[in-house]
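Visitor: Here is the input, now give the coordinates:
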Amino acid sequence: AMPARTASFAGYPGPVALFGAGTHGTQAAQIGMASTRKYGHLDTDVYSHVEWHTDMTKAITKPPNATTFMPTIDCGVMAPAENESAATVNDALRAVTAMFTEKGIIPVCISDTADAVVPMIEGLRQVTGEEYFLYHLGGNTLMDSEDAPLTQVFRRGLNRNCLSVGNRAVSAHARQVRKQHEVRYGDYAGLAWKGLFTVKDIRNQYPGFLVIDVTALDPAFAPGVANPDAGGMTTRDLIHLISALRGTRVMGALITGFEPRYDVLRGRGDDARPEDGLTALAVSKVTREVINKCYSMSVKTAAEGHDMVRQMVSQGKVPEKYPD
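Guide: Residues are numbered from 1 along each chain as shown. So this is what the prediction gives:
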């Protein structure tokens, strides 16, 4: 059962359903969810914070005079049964994504594997029949073989086009897939040379699906990944790129790449908690920014957004010193 909407929430995107899923285990999903819950009260970069919604019998109501409102349903972790196959897990992911989409809820998943992108997009298309623009931010291309997640998305015709940003390890197969499917890309070496903060608006006119792979980050910021590769982004870089995404709306998102067994924990002995690991903290922050993007996605450029805020200030809809 999902919570009902009240009239005050009508016309707003969402709510977001945050859940974890694992094909090869649930540790990444469980720790990623735990860290997001623990630090979910902190503001995002645009001074909004997650409104956790755990009571399924309580309707979602927009608080009076709220400038930002990001209700997020904590749906827990989908734990596969013992010896359950990856195909069965994918079927469940497809069904859950379709169920959320039918109810107007935006599915956001933390998963141990990027393979989850295929059933999630299939679940979306099963309900809407729409083509999606795929935003991929990650150090790995996810196109290194015919079985690789994004290769499968392209081969099955599940997306309209794709923008892949931040790649550092680009194989010959990945370059071939990019060419065959006209993938737009911005490898990190080129972005870093030009200056990543010169990227202001990554814009298209189609509904989008976000795939955020924490391998985009340098191991100094996210050591808990399977194949660390030095020379990646800072956490600030990745947040900037998420904020620069433009489109009509976010239909769903996947945060992946986290391998808790390799994470570096804060504290020692009993004081060292997995949800406080360096990578877990990065996953928590990125997840909150993705949830914010689900509510704030717009085709407006950054400059147009600032003009809109100034107009709202002049109309008295937001405080005069409302932050940018």
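
Visitor: Give me the neighbour count for F133.
Guide: If you count neighbours by other CB atoms under 10 Å, F133 ends up with 21. To be clear about C-beta, it is placed using only N, CA and C from the backbone, and glycine gets the same treatment.

Visitor: can you offset everything so residue one is 380?
Guide: I'll keep to 380 as the first residue from here, and by that count the last item is F512.

Visitor: now the host helix or strand of it: mean pLDDT?
Guide: Per DSSP states H and E, F512 falls inside strand 511-516. The average pLDDT for strand 511-516 rounds to 92.

Visitor: Which neighbouring elements make contact with that strand?
Guide: helix 496-507, helix 528-534, strand 538-544, strand 587-592, helix 614-623 (3 or more CB pairs under 8 Å, 6 or more residues apart in numbering; DSSP states H and E).

Visitor: Whichever helix or strand comes after the last one pairs with which strands?
Guide: Right, the one you point to is helix 614-623. Moving toward the C-terminus from helix 614-623, the next helix or strand (DSSP H and E) is strand 629-635. Here strand 629-635 is paired, per DSSP bridges, with strand 485-490 (parallel), strand 587-592 (parallel).

Visitor: Tabulate these (CSV), appending mean pLDDT, mean neighbour count and distance to I581.
Guide: Shown next, in CSV, are the strands paired with strand 629-635 (pLDDT from 0 to 100; neighbours: other CB atoms under 10 Å; distance: least, CB to CB, whole Å):
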stretch, mean pLDDT, mean neighbour count, distance to I581
strand 485-490, 95, 27, 19
strand 587-592, 95, 26, 10
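
Visitor: Which strands or helices does the longest helix seen in the chain pack on?
Guide: Secondary structure assigned by DSSP state H gives helix 657-675 as the longest helix of the chain. Contacts defined by 3+ CB pairs under 8 Å, 6+ apart place helix 657-675 against strand 395-400, helix 406-418, strand 449-457, strand 485-490, strand 587-592, helix 614-623, strand 629-635.

Visitor: looking only at pLDDT, what's the mean for it?
Guide: 92.

Visitor: that older thread, list just the one of the helices and strands packed on strand 511-516 that sits closest to Y418.
Guide: For those, the distance to Y418 is smallest for helix 614-623, at 13.1 Å, taking CB to CB.
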